[in-house]
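[1] predicted coordinates and the sequence they were generated for:
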Amino acid sequence: MLPDYSCVWVKGENAMVRLWKECEGAENIVISGHVRPDGDCVGSCMAAYLFLRKVMPKARIKVFLEQPADIFSCIQDFDKIETECSMEETPDVFIALDCEKTRLGAAETLFDKAKKKINIDHHISNASGCGDVNYVVPTASSASELIYDVIDKEYMDEEIAKAIYIGIIHDTGIFQYSNTSPKTLQIAGELIAFGFDFPTLIDETFYEKTYVQNQILGRALLESIIFMNGKCAVSYVDQKTMDFYGATPKDLEGIVNQLRIVKGVECAIFMYEIGTQQYKVSMRSCKDVDVSKIAAIFGGGGHMRAAGCTMNGTFYDVINNISAQIELQMKEKEQEK
């Protein structure tokens, strides 16, 4: 029998929490993350899975995610990820990572049924958490960094370290984004001490692209637009173009970052069509624009320098709405100077 859980973990960098302790007594544990899982989502989920499987060998532990990109298959037990969410049993514990519950997709129903809900996240839009037990630190680089915080270090091994490292490098852009802290780098140093081939890991999961990915990246850059006196860059890909190249949403990752590093650009916007006059929008900024605030206005979320949302309308409707918010923030920044 699991005890009654109504506690909330202390939110903050100094919170002393133990994932194993919070799952003690559970026989059926489910781990899941957000729809369209990225490197941090996959890395944190699999690190939690590998750790709990090690310390709780008798428990039934499952990871439910939408199909992750094959580049993450280097993570041990990647093939154990289940893409169809079974509703047959009520989990003793459900661990939601890198998101709040509405972004769990099909797994949200299972989250609601769970006897105990644990939420570990670093998104400021989820600052209060959505579980019975929450560990939410918006200043952390990634959910993977927080997983490192909550697992018992004596059980850390090379495979767990690798999964956490993948999550961290993907959410920090290999330590170049502003969410990288001294703590992040210290943790990364401790992880690579386990001896995995981190240069190859970076190449194969971050830099390496398929021919299709390079083709559609080139198309998106070729058709991009610079506006607001060179401060903003935008590009989009419609469904017809994706079909032409045989591309999926996973093949579009990284395009917005290429737009962001154009000289003089403060804010980059990339969008792709997911329905009739409906777009998935990704935004990145350098230093003057808080894109998480813009995403929140349109029902999305994220971080100060990286955020996203789903928007309806024509391409020009979407750009006009977003650019108005960017311009407003830039004017406020100018007034502060």
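    Cool, the structure landed.

[2] what about V63, which SS state?
    strand (DSSP: H, G, I helix; E, B strand; the rest coil).

[3] could you report the neighbour count for it?
    By other CB atoms under 10 Å, 24 other residues sit near V63. The way it works is simple: take the backbone N, C-alpha and C, and place the C-beta from them, glycine included.

[4] so it touches C45, yeah?
    Yes: judged on CB atoms under 8 Å, V63 makes contact with C45 at a distance of 5.3 Å.

[5] common neighbours of those two, please.
    31-32, 81 (CB atoms under 8 Å, 6 or more residues apart in numbering).

[6] selection in ChimeraX covering whichever of those are buried, please.
    Of the shared contacts of V63 and C45, the buried ones go into a single ChimeraX selection, burial set by 16 or more other CB atoms under 10 Å:
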select :31,32,81
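
[7] same list, the shared contacts of V63 and C45, but as JSON lines with secondary structure and pLDDT please.
    Output for those, formatted as JSON lines (DSSP: H, G, I helix; E, B strand; the rest coil; pLDDT from 0 to 100):
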{"residue": "I31", "secondary structure": "strand", "pLDDT": "98"}
{"residue": "S32", "secondary structure": "strand", "pLDDT": "98"}
{"residue": "I81", "secondary structure": "coil", "pLDDT": "97"}
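
[8] partner strands of the helix or strand of the chain with the lowest mean pLDDT, with direction?
    Every helix and strand of the chain was ranked by mean pLDDT, DSSP states H and E. The lowest is strand 301-302, at a mean of 84. Using DSSP bridges, strand 301-302 pairs in its sheet with strand 306-312 (antiparallel).

[9] of the shared contacts of V63 and C45, closest to Q215?
    Nearest to Q215 among those, counting by CB to CB, is I81 at 28.0 Å.

[10] pretty sure the closest one sits against E66.
    No: counting by CB under 8 Å, I81 does not reach E66; the two are 9.4 Å apart.

[11] in stretch 299-309, which of the residues would be classed as buried?
    Applying 16+ other CB under 10 Å to stretch 299-309 flags 300-309 as buried.

[12] just the endpoints, please. Distance across that stretch?
    6 Å (CA to CA, to the nearest Å).

[13] what's next to that stretch, contact-wise?
    Contacts for stretch 299-309 (CB under 8 Å, 6+ apart): 122-126, 138, 177-179, 280-286, 290-292, 294-296, 298, 310.

[14] show me how to select, in PyMOL, the buried members of those residues.
    To isolate the buried members of the contacts of stretch 299-309 in PyMOL, using 16+ other CB under 10 Å:
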select buried, resi 122+123+124+125+126+138+177+179+280+281+282+283+284+285+290+291+292+294+295+296+298
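
[15] picking that back up, want to throw the shared contacts of V63 and C45 into CSV with distance to E223?
    Listed next are the shared contacts of V63 and C45 as CSV, based on distance: CB to CB, whole Å:
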residue, distance to E223
I31, 39
S32, 36
I81, 35
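
[16] understood, closing this out.
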